[in-house]
Every structure is written in C-alpha cells, then in structure tokens.
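Colleague: I'll drop the sequence and a predicted model, then ask my questions.
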Amino acid sequence: QAIDDDCNQTGQLLAAMLDWPQGTFASRVELEDGAVRVEREVDGGLETLRLRLPAVLTADLRLNEPRYATLPNIMKAKKKPLEVVAAGELGVPASAPRLKVLQVQEPPPRAGGEKVESVESLLGKLRHAGRI
C-alpha cells in the first residue's frame, strides 16, 4: 500500500499477475499445513480467510506493534561501525557502472520576495515575467 496516495494496489496487482490467492489488510496471520489463515477487518466485523500457499498478503496496522527507537539507542547506533563488503566477496560479478556522474552543482540562489499593493499589480508583474 503506497503511503503517498493510499491507493492499496500493489498486493492485488501482484496477486493477479502471479495468479495467486490474496489476503488483504491482514490483522492476524496463522500458518497451517500448506495454507495460511488470515483474519481481516471488514465493515461488518472480522472476516477469516483460508488461502492455499503460495499467497500474497498485505498487512493492516494491527498486524504488528511497531517498536520505536529511543534517543539513547539512536545515539548508540550512530557510533557503531559500518562494515563495507565488496560485491566480489558476495559472489556478485563486477561490472562497469551503468551511470556516470558528469557534474554536480548548487542550484542558483532564489530571488527575494516582493510585496505588491493590489491584485492588479500582482497580475501585471506575473504577466510581465511571463508566468501567466
């Protein structure tokens, strides 16, 4: 489910492409022998689905309780060393980079704002600048 527009399409589209069963908005998941039992909230209460595996599941807010990082743990994490592993050590073949950075530059500074006396004056300035 996308957080930018809240469309909730990804799980359903993926299930359709794979031709797999789907359980959306799962608030409780239990594995069974070759299947999964999904409990989900619907308008009339709770609905329980039993889906054969493999299946596509999407999660509801109530599936897990998130853990929030505390300030002391954030500070500890900043001090931990970051281990860098070369791609060759992981069995990934080395290849030429697909992108090449040609130039990096600062954007031009923005001009300061300007006060206008009236709406007509604003429209005149916008027309003169070619904005409208």
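Modeller: Ah, there it is. A quick note: this is a predicted structure, and the numbers were derived from the prediction, not measured.
Colleague: buried stuff in the strand ranked longest in the chain?
Modeller: The residue-count maximum for a strand in the chain (DSSP state E) belongs to strand 22-32. Under the neighbour-count criterion of 16 or more other CB atoms under 10 Å, strand 22-32 has 22, 23, 24, 25, 26 buried. Every residue, glycine included, has its C-beta placed from N, CA and C.
Colleague: can you list those in CSV and add pLDDT and distance to residue 51?
Modeller: Shown next, in CSV, are the buried residues of strand 22-32 (pLDDT from 0 to 100; distance: CB to CB, whole Å):
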residue, pLDDT, distance to residue 51
22, 95, 8
23, 94, 6
24, 89, 11
25, 90, 14
26, 92, 10
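Colleague: from those residues, which is closest to residue 84?
Modeller: Of all the buried residues of strand 22-32, residue 26 has the smallest distance to residue 84: 37.0 Å, by CB to CB.
Colleague: tell me where this protein has helices.
Modeller: Here the chain has its helices, by DSSP state H, at 10-18, 71-79, 119-129.
Colleague: pick the most deeply packed of these.
Modeller: Of all the helices of the chain, helix 10-18 carries the top mean neighbour count, a mean of 13, counting by mean count of other CB atoms under 10 Å.
Colleague: now do it and strand 22-32, the angle between them.
Modeller: Interaxial angle of helix 10-18 relative to strand 22-32 (axes from the mean of the first three to the mean of the last three CA atoms, to 10 degrees): 80 degrees.
Colleague: wait, which of the helices of the chain is closest to residue 49?
Modeller: In terms of CB to CB, the element of the helices of the chain nearest to residue 49 is helix 10-18, at 12.5 Å.
Colleague: let's see that closest one as PDB, backbone CA atoms only.
Modeller: C-alpha atoms of helix 10-18 as PDB (Å, rounded to 0.1, in the frame of the first residue of the first chain):
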ATOM      1  CA  THR A  10       0.400  -3.300  -5.100                       C
ATOM      2  CA  GLY A  11      -0.800  -6.500  -3.300                       C
ATOM      3  CA  GLN A  12      -3.800  -7.000  -5.500                       C
ATOM      4  CA  LEU A  13      -1.900  -6.400  -8.800                       C
ATOM      5  CA  LEU A  14       0.900  -8.700  -7.700                       C
ATOM      6  CA  ALA A  15      -1.600 -11.500  -6.800                       C
ATOM      7  CA  ALA A  16      -3.300 -11.000 -10.200                       C
ATOM      8  CA  MET A  17       0.000 -11.200 -12.100                       C
ATOM      9  CA  LEU A  18       1.100 -14.300 -10.300                       C
END
